[in-house]
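[1] sequence plus predicted model, see below.
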Amino acid sequence: MDASLMGAPSAAAGDNPTSGEHRMGTTIVGVCYDGGVVLAADSRTSTGMYVANRASDKITQLTDNVYICRSGSAADTQVISDYVRYFLHQHTIQLGQPATVKVAANLIRLLAYQNKNMLQAGMIVGGWDKYEGGQIFSVPLGGTILRQPFAIGGSGSSYLYGLLDHEWKEGMSQEEAEKFVVKVVSLAIARDGASGGVVRTVTINADGVSRKFHPGDKLQLWHEELEPQNSLLDILAAGNPDPMVQ
């Protein structure tokens, strides 16, 4: 995987660690369950070696029934999403019905492949349609397209392959799938310095779309992780006479 997708500072950053391109050294996940799909992502965006946005939304709507998880260069993935959203809107008007997940994923793949020398974008497309139900497509750096029962991407993915191989199972319920993706992203946040913040999830099925938000201080703790503590500003605002004592 390209180093820029692993949370490394951009070469263009030079000596100024805040002048790099906005990148999402990221953890993104998509899983199929019995009836639909669940997408999840962390929320940390970095500029060079600094966190530029700790609560960004990396799950973007393409149509009413298709969403995309974005990792890599924030600008690259945003412009791909904008183009594809426009094309799918025109496609829906012409056909008189919603675009399928496969059509959306192939448009993403087409843009990523034709511009592979200029883009740094790894994406997961997930959605539901009446023809094939819930589907997950992975479009990694370079523009390959793979349909998979689950997919992971971003810098945090290197910590997750064993967990997904061991614990993902066919026929999960919606509740099981939602809890599973939050567990997966929380592990990546614990292990990967370029992933962090909150966990956002999007569930897509025949009934529509539901979004959920999981604050960072409510996520599962892993081996030797410390309990969340108030920041120094929170302690001072509370009037604690000794800010170093909880």
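    Great, that's in hand. Numbers count the residues shown, from 1 in each chain.
[2] quick check, pLDDT for Gly197.
    Gly197 is assigned a predicted lDDT (pLDDT) of 89.
[3] neighbours of it, just the number please.
    Close neighbours of Gly197, defined as other CB atoms under 10 Å, add up to 20. Glycine gets a C-beta too; all of them are placed from N, C-alpha and C.
[4] so what pLDDT did Met244 get?
    52.
[5] run through the strands of this structure in chain order.
    Along the chain, counting by DSSP state E, strands occupy 22-24, 28-33, 36-41, 45-47, 50-53, 59-61, 66-73, 121-129, 133-139, 146-147, 150-153, 199-205, 208-214.
[6] strand partners (parallel or antiparallel) of the third one?
    Right, strand 36-41. When sheet partners are counted by DSSP bridges, strand 36-41 sits next to strand 28-33 (antiparallel), strand 199-205 (antiparallel).
[7] next up, the contacts around the residue nearest to Ile80 when sequence neighbours are not counted.
    Distances taken as CB to CB, 6 or more residues apart in numbering place Leu111 nearest to Ile80, at 5.3 Å, with adjacent residues excluded. Counting by CB atoms under 8 Å, 6 or more residues apart in numbering, Leu111 touches Ile80, Tyr83, Val84, Leu119.
[8] farthest pair within the residues you listed?
    Greatest spacing in the contacts of Leu111, by CB to CB: Val84 and Leu119 (13.0 Å).
[9] okay, the two: which has more neighbours?
    The neighbour comparison of Val84 against Leu119 (other CB under 10 Å) goes to Val84, with 27 against 21.
[10] related to what we said a few turns ago, list just the nearest of the contacts of Leu111 to Asn106.
    Once CB to CB is applied, the member of these that ends up nearest Asn106 is Val84, at 9.9 Å.
[11] and the residue lying closest to the closest one once chain neighbours are set aside, how close does it get to Ser46?
    Nearest residue to Val84, sequence neighbours excluded (CB to CB, 6+ apart): Leu107, at 4.8 Å. Separation of Leu107 from Ser46 (CB to CB, to the nearest Å): 28 Å.
[12] so what sits opposite Ile68 in the bridge?
    Thr60, Val125.
[13] ok, now which ones touch it?
    Ile59, Thr60, Leu62, Thr77, Ser81, Val84, Ala104, Ile108, Met123, Ile124, Val125, Gly126.
[14] what's the answer for Asp42, then?
    Here Asp42 is in contact with 26-28, 58, 156, 185, 188-189, 195-199 (criterion: CB under 8 Å, 6+ apart).
[15] what about those, which are in helices?
    Judged by DSSP state H, the contacts of Asp42 include Val185, Ala188, Ile189 as members of helices.
[16] wait, doesn't Ala104 sit right on Thr63?
    Yes - with contacts defined as CB atoms under 8 Å, Ala104 counts as touching Thr63 at a distance of 6.6 Å.
[17] Tyr33 versus Gln174, what's the distance?
    Gln174 sits at a distance of 6 Å from Tyr33 (criterion: CB to CB).
[18] who has more neighbours, those two?
    Tyr33 (25 against 17).
[19] show me what contacts Val37?
    So Val37 contacts Gly30, Val31, Gly126, Gly127, Trp128, Gly134, Gln135, Ile136, Thr203, Ile204, Asn205 (CB under 8 Å, 6+ apart).
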